[in-house]
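Trainee: Fold the following for me, if possible:
(one chain, ligands or ions: 1)
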Amino acid sequence: MRDRSLLLLISSLLLVVGAVNGSPGDADPSYRSCVEQCGVSGCVGDKCFLQCGDGEGLEQEPIHVMLERRVWDCQSECRFHCMLSREDERRQLGLGPVKYHGKWPFRRIYVAQEPVSVALSLLNLFMHFLGLLSFYNFVYKKLPLRPDGRTHYEYTVLWLAYGILSMSSWFWSAVFHSRDVNITEKLDYSFAVALLGYSLILAILRAFDVRDEAARVMLAAPIIAFVTTHILYLNFYQLDYGLNMKVCVAMGVAQLLVWAIWAGISRHPSRRKLWAVVIGGAAAMLLEIYDFPPYHGLVDAHALWHATTIPLTCLWWSFIKKDADFRTSTLLKKKK
Ligand SMILES: [Zn+2]
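Mentor: Numbers count the residues shown, from 1 in each chain. Prediction:
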């Protein structure tokens, strides 16, 4: 049974690698000519954009309009409004939505390009903040400490760093879903890769119960070197989506496998929680495969995926706390 679910997990994750979509929306000739005309006239239908001219008149606008126009330049306004008008035409013809430049047509709320994904990213950030805070209070205030004030649990600092890295990663995810430009995209991808690499190191150190500092450094070094090289490659050589997807899925699968096998063979009292996170995490990834268009221009599969990580985050921090409790009581029992 366990073998079969592992096989299902790996095959579904490998499917994610194959699910890289092209964009029929921006290949459409009427969309292309709309964007081209807008670049010259600065207008789509009766909507005209100040950004497309010499910027004259911008100074007199209120601050939030100025901000919106700084964030949305002429080309992105043209693309966005041509997409909306093309989608209107398609709807009247009874056709469903298509992707433009790799993305589904979303309704924009103020400056946020994908408002639901932004809100859910911020909620994920908040859940990590709560988890981190409750873990900190638990290990330093509820559990007995060593005479020097340190915790008995050997992974405290590693989990605290994990919480901070997760929060940074969700912060950049929120920024990227607000406005998808080169720099925000690179920051989001880089933090996601760094978090995946770090989580893999943590999974290995915890599952193999590596407590010696030198052994920890030796195990972490090759993964850190690999992740750093990959981040430098994405940022300064080529943002290769296909390669990045493979790297992320490989690190994600490796990590899930380490936890799954460990949960299977260890007699950890909270192994059910671990199982739930592993299976839930893998199932949530199926949403990335189905990749359906946004409902009412707001909620797509990716946004739902971000929603599923919220309960998983709660469960995960609760497992981490239980682990701290379990390790501490085992150590204290041994000392007696
Ligand atoms: Zn996202």
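
Trainee: roughly how far is stretch 94-113 from the heart of the chain?
Mentor: 19 Å (CA atoms, centre = their mean, to the nearest Å).

Trainee: again with stretch 109-129
Mentor: How far stretch 109-129 lies from its chain's middle: 11 Å, per CA atoms, centre = their mean.

Trainee: again, but for stretch 209-227
Mentor: In this view, stretch 209-227 has its centroid 24 Å away from the chain centroid, taken as CA atoms, centre = their mean.

Trainee: Could you pull out the buried residues of it?
Mentor: Buried residues in stretch 209-227, defined by neighbour count with 16 or more other CB atoms under 10 Å: 210, 216, 220, 223, 227. For every residue, glycine as well, the C-beta is placed using N, CA and C.

Trainee: same check, this time on stretch 140-155
Mentor: In terms of neighbour count (16+ other CB under 10 Å), stretch 140-155 has its buried residues at 143, 151, 152, 153, 154, 155.

Trainee: Kindly reformat these as a markdown table and extend each row with secondary structure and pLDDT.
Mentor: Formatted as a markdown table, the entries for the buried residues of stretch 140-155 read as follows, by DSSP: H, G, I helix; E, B strand; the rest coil; pLDDT from 0 to 100:
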| residue | secondary structure | pLDDT |
| --- | --- | --- |
| 143 | coil | 95 |
| 151 | strand | 94 |
| 152 | coil | 94 |
| 153 | coil | 95 |
| 154 | coil | 94 |
| 155 | coil | 96 |
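
Trainee: Going by distance to residue 330, which of the residues you listed wins?
Mentor: residue 152 (9.3 Å; CB to CB).

Trainee: Correct me if wrong: that closest one contacts residue 328.
Mentor: Yes - between residue 152 and residue 328 a contact is recorded at 4.5 Å, counting by CB atoms under 8 Å.

Trainee: ok, back up a step: specify which member of the buried residues of stretch 140-155 is nearest to residue 309.
Mentor: Set against residue 309, the nearest of those by CB to CB is residue 155 (21.7 Å).

Trainee: Grab the nearest non-local neighbour of that closest one.
Mentor: residue 206 (6.0 Å; CB to CB, 6 or more residues apart in numbering).
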